[in-house]
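Colleague: need a structure here:
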Amino acid sequence: MRLPRLFRTSSFRLTLLYAALFSASVLLLFAIIFWTASFYMTSQLDAAIDSDVTELQQGLSTGGPAHLTEMIRDRVDQMPTGPIVYLLQDRSGKLVAGNLPAMAPRAGTFAVEAPAPRVGGRLRAIRAHGLALPGGDYLLVGADAHPLNEMREWILRAFGWGFAITLLLAFGTGAVISNGLLRRVEIISRAARAIMEGDLSRRIPSRGADDEFDHLAGSLNAMLERTERSIEGMRQVSSDIAHDLRTPLTRLRQHLELAQRRGNSPDELRAAIERSIAEADAILDTFGALLRIAQAESSAHRDHFDMVELSELLHAVAELYQPMAEEKRQAFTVEVEPGLRLCGDRELLAQMLANIVENAMRHSPAGAAIALAARRRNGSIEVEVTDTGPGIPASERDKVFRRFYRLEASRTTPGNGLGLSLVAAVASLHAAEILLADNHPGLRVALRFSVGHCDSSC
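Modeller: Below you'll find the predicted structure:
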């Protein structure tokens, strides 16, 4: 038969392990206390017996055997039933004095059972010291060992009850703790099953105890929120891809169909092919942008991070887009603090900065002012791109980082709405903060890189 689930939990097994270790500790403590108490009581009995033996030996040496016999009789008369008992017998084994029956001589300290004097002959344990006297006589002095044995029984009984209570508490506590852990785990399991069944909004409740389960619930809920956002983003992206690629694919098919029906001359066919190639390139550019965003969102790029001379990179981007600004008769100024360095992927950073500068130039009219600046500020590196173009309404600023999102609903201008999505992905990979603000007029795009992150990533 399978054990109940409660007894198969790791917490209950851990409780059993601790109970076993604690029981072993209790048994060891019991052995030490039992041995120490027994040794102390036995030593006290032996000391009392040895002291009496010494007095009797002195009496024998000063008064002879008769005096020794008299001393023993006086002691027996004073304590007829003990707790000290005596035996003096001659070499033939005949009792001379004392309150114990004659027995076989035995030297040294030992334990013996002998009939209790004047108690009906019932046997009792005696701690004794025997020695042979000059002339062949034998002397034994003993003490009743009943208090010692009773003390041992009380210790055994007390530790027996204590050990039983300890095991009972250990098992009971283990069952209570395991049951509580099972309830918490079952709550997480139910939430996980609901999520697997499609309820992505389900979250794991916390008790507010700030314990490890609350920390786990917080981490799992954060993961679930990010997963829900990712799945919703994937759904949105799938819808946007279907919407945005439908038009170029339709145009591509129309070009090919027209070439098939009307392409009577090589020039007409060549023109149709060129238009089709242009449409295919636009589609490939869209997929290429999506691939770059996916790569930027992958943390695997952090393995290839290296120190990047940001000042040099910004000047290279500015030099690349200077001709575009001149062509549109825009004033393009660059003000970059020298010596700026951060840890990251140079290629992705270049793509991100190029997208921001290109967006500013593309969406600003002729004669607009475009500025690229970078400096250290409050323990971070801040890169700013400002323009005097139409800007972005405050209500739209949170949406422009979504894939395929474009302010122009008609989508007549070139582009696929993925430029700022790539910017957001690269910034997230580099733990940079993106801020969009009004430039009065125009737009101000600020990137803030944490210097601490930059120093610790490489």
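
Colleague: C-alpha only now, for contacts and for neighbours.
Modeller: Noted.

Colleague: quick one: buried residues of stretch 90-110?
Modeller: By neighbour count on 16 or more other C-alpha atoms under 10 Å, the buried set for stretch 90-110 is 90, 93, 95-102, 109.

Colleague: let me fix that: stretch 22-41
Modeller: Residues of stretch 22-41 classed as buried under the neighbour-count rule (16+ other C-alpha under 10 Å) are 22-23, 26, 30, 34, 37-38, 41.

Colleague: so which elements touch the helix or strand L422 falls within?
Modeller: Secondary structure assigned from DSSP states H and E places L422 in helix 419-429. Counting contacts by 3 or more C-alpha pairs under 8 Å, 6 or more residues apart in numbering; DSSP states H and E, helix 419-429 is packed against helix 266-297, helix 346-362, strand 432-438.

Colleague: next, the angle from that helix to strand 432-438.
Modeller: For the pair helix 419-429 and strand 432-438, the angle between their directions (axes from the mean of the first three to the mean of the last three C-alpha atoms, to 10 degrees) equals 140 degrees.

Colleague: strands along the stretch 101-250 of the chain, start to end?
Modeller: For the stretch 101-250 of the chain, the strands defined by DSSP state E, counting those that start in this stretch cover 108-115, 123-132, 138-144.

Colleague: pull the residues that contact stretch 150-161.
Modeller: Judged by C-alpha atoms under 8 Å, 6 or more residues apart in numbering, the contacts made with stretch 150-161 from elsewhere in the structure are 30, 34, 38.

Colleague: kindly indicate which of the residues you listed lies nearest Y321.
Modeller: Using C-alpha to C-alpha, F30 is the member of these that lies nearest Y321, at 86.1 Å.

Colleague: look up how far G218 lies from G208.
Modeller: Using C-alpha to C-alpha, to the nearest Å, G208 is found at 11 Å from G218.

Colleague: these two: who's more crowded?
Modeller: Between G208 and G218, counted using other C-alpha atoms under 10 Å, the more crowded position is G218 (17 against 9).

Colleague: which of the buried residues of stretch 22-41 fall in helices?
Modeller: For the buried residues of stretch 22-41, membership in helices holds for 22-23, 26, 30, 34, 37-38, 41, with DSSP state H as the criterion.

Colleague: quick check, nearest of these to P338?
Modeller: Using C-alpha to C-alpha, the shortest approach to P338 within those belongs to F22, at 66.3 Å.

Colleague: wait, a helix at G389?
Modeller: No. Looking at G389 with DSSP: H, G, I helix; E, B strand; the rest coil, it is coil, so not inside a helix.

Colleague: quick one, phi psi at it?
Modeller: Phi and psi for G389, reported as degrees, to the nearest 10, are phi -80, psi -160.

Colleague: ok, now how distant is it from E335?
Modeller: Between G389 and E335 the distance is 20 Å, computed by C-alpha to C-alpha.

Colleague: and these two? Which one has more around it.
Modeller: G389 (22 against 14).

Colleague: break this structure into its domains for me.
Modeller: Recorded structural domains for the chain (assignment: automatic domain parsing) are 5-150, 203-297, 301-457.

Colleague: picking that back up, want to throw the buried residues of stretch 90-110 into CSV with secondary structure, distance to P134 and pLDDT?
Modeller: As requested, the buried residues of stretch 90-110 are exported to CSV (DSSP: H, G, I helix; E, B strand; the rest coil; distance: C-alpha to C-alpha, whole Å; pLDDT from 0 to 100):
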residue, secondary structure, distance to P134, pLDDT
D90, coil, 10, 89
G93, coil, 15, 87
L95, strand, 16, 89
V96, strand, 15, 90
A97, strand, 16, 90
G98, strand, 18, 88
N99, coil, 22, 85
L100, coil, 21, 87
P101, coil, 21, 87
A102, coil, 18, 87
T109, strand, 19, 89
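
Colleague: understood, closing this out.
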